[in-house]
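A.B. asks: With the input below, show me the fold.
(one chain, ligands or ions: 2)
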Amino acid sequence: MPDFLELSDIDSGVLRQILEQARSMKDARAGRPRGMPDDVQPLGGAVAALIFEKPSTRTRLSFDVGVRQLGGQPIVLSGQDLQIGRGESIGDTAKVMSRYADMAMIRTFGAETVQEFASNSDIPVINGLTDSSHPCQIMADVMTFEEIVGPIEGRRVVWLGAGSNVCNSFVEAAGQFGFDLVFSGPEQMKPDAPCMKFARSKGRSVEVETDPVAAVAGADLIVTDAWHSMHDDPGTKEKSQGLLGRYQVNERLMEAAGKKAIFMHCLPAHRGEEVTSEVIDGNRSAVFDEAENRLHVQKAIMRWCLNL
Ligand code: CP
Ligand code: NVA
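C.D. replies: Ligands and ions are numbered 1, 2, ... in the order given. Sure, this is the predicted structure:
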């Protein structure tokens with residue numbers, strides 16, 4: 001059974017199919033209480049182990065609720081609850097978990113931890129964020145853009161600020177969903193080179209434009225993320241804030257972008273740092289739709305992983 005580890009690993013037709021299923025499951029639930037199960041219960045009691053080695057609000061809630069809506073049983077575990085917190089190997093943990101659970105979602109630090117977990121598992125594994133990627137988030141973001149604006153193919157997406165894990169997955173999505181991406185931030189905070197190479201190998205333009213005003217011109221979507229991610233060294237916060245100040249998404253940049261641009265942020269946000277309250281709480285912001293769509297798209301990802 002397949003894993004959902006990186007957007008670049010998965011066939012673009014499969015990613016599209018997952019989005020279509022997410023949309024149809026979302027439509028089928030319109031207006032129902034979140035706690036009410038779906039009419040179709042494909043998980044049929046299957047157990048999903050949800051492992052968090054970093055904090056989470058959206059990923060934790062949306063996977064937990066999503067598993068329940070599909071008729072499965074979530075078990076949420078923190079790294080400290082597990083023996084990995086005391087040094088048990090990832091490989092042994094994965095082998096043991098494969099004897100109890102039907103699938104696993106893991107949020108951790110290095111991408112190699114997820115890879116090692118998956119290669120030692122007999123069950124499908126979903127990447128719930130690493131230091132270098134966040135594929136579930138970008139699936140929700142593409143779904144959200146298409147609900148609000150229309151097909152993302154051929155659009156101009158502008159990423160402002162630090163080239164984070166979320167940014168890396170956005171760049172890979174450019175290759176998979178056929179949009180062009182402009183990164184505008186300090187040169188030393190660019191997205192990872194293999195992600196840019198992947199998108200370019202699929203014929204997409206990935207531009208680096210250090211001037212934020214020039215970058216946003218003609219944008220269909222402006223995206224940013226926290227300037228300081230969970231894995232970043234707290235000692236570097238002040239320095240990075242100094243470098244990133246001019247990339248704050250504010251009214252001036254939204255105006256420079258033009259009328260059609262909408263705004264996205266994976267959350268949690270830091271108002272007054274990477275984005276102003278006027279923008280994130282304004283009428284061009286899609287942030288809570290993105291958060292909701294995590295639920296719908298991850299349900300479709302789980303069904304794909306389990307072939308249900
Ligand atoms: N966007 C996102 O993944 O949020 P959490 O860290 O709250 O899960
Ligand atoms: N880049 C952020 C995303 C949080 C969902 C982090 O890793 O902290």
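A.B. asks: Quick check: which element contains residue 223?
C.D. replies: Element membership of residue 223, judged by DSSP states H and E, is strand 221-224.
A.B. asks: Who are the packing partners of that strand?
C.D. replies: Helices and strands touching strand 221-224, by 3 or more Cβ pairs under 8 Å, 6 or more residues apart in numbering; DSSP states H and E, are strand 156-160, helix 165-177, helix 251-257, strand 262-265. Where C-beta positions appear, they are placed from N, C-alpha and C, glycine not excepted.
A.B. asks: Only the buried residues of the third one, if you could.
C.D. replies: What it means is helix 251-257. 253, 254, 256, 257 (16 or more other Cβ atoms under 10 Å).
A.B. asks: The second one is in contact with residue 285, isn't it?
C.D. replies: In other words, residue 254. No - contact criterion Cβ atoms under 8 Å: residue 254 and residue 285 do not qualify, at 9.6 Å.
A.B. asks: Identify the contacts common to the two.
C.D. replies: The contact sets of residue 254 and residue 285 overlap at 263, 279 (Cβ atoms under 8 Å, 6 or more residues apart in numbering).
A.B. asks: From one end of stretch 217-226 to the other, what's the distance?
C.D. replies: This stretch, stretch 217-226, spans 22 Å end to end (Cα to Cα, to the nearest Å).
A.B. asks: Could I get the buried residue list for that stretch?
C.D. replies: For stretch 217-226, burial by neighbour count (16+ other Cβ under 10 Å) applies to 219, 220, 221, 222, 223, 224, 225, 226.
A.B. asks: What pLDDT is listed against residue 250?
C.D. replies: The model reports residue 250 with a pLDDT of 98.
A.B. asks: circling back to that earlier point, show me what secondary structure element comes after the strand holding residue 223.
C.D. replies: That would be, after strand 221-224 and using DSSP H and E, helix 237-244.
A.B. asks: what residues does that next one touch?
C.D. replies: Identification of contacts with helix 237-244 by Cβ under 8 Å, 6+ apart yields 161, 162, 185, 186, 188, 189, 227, 228, 232, 273, 274.
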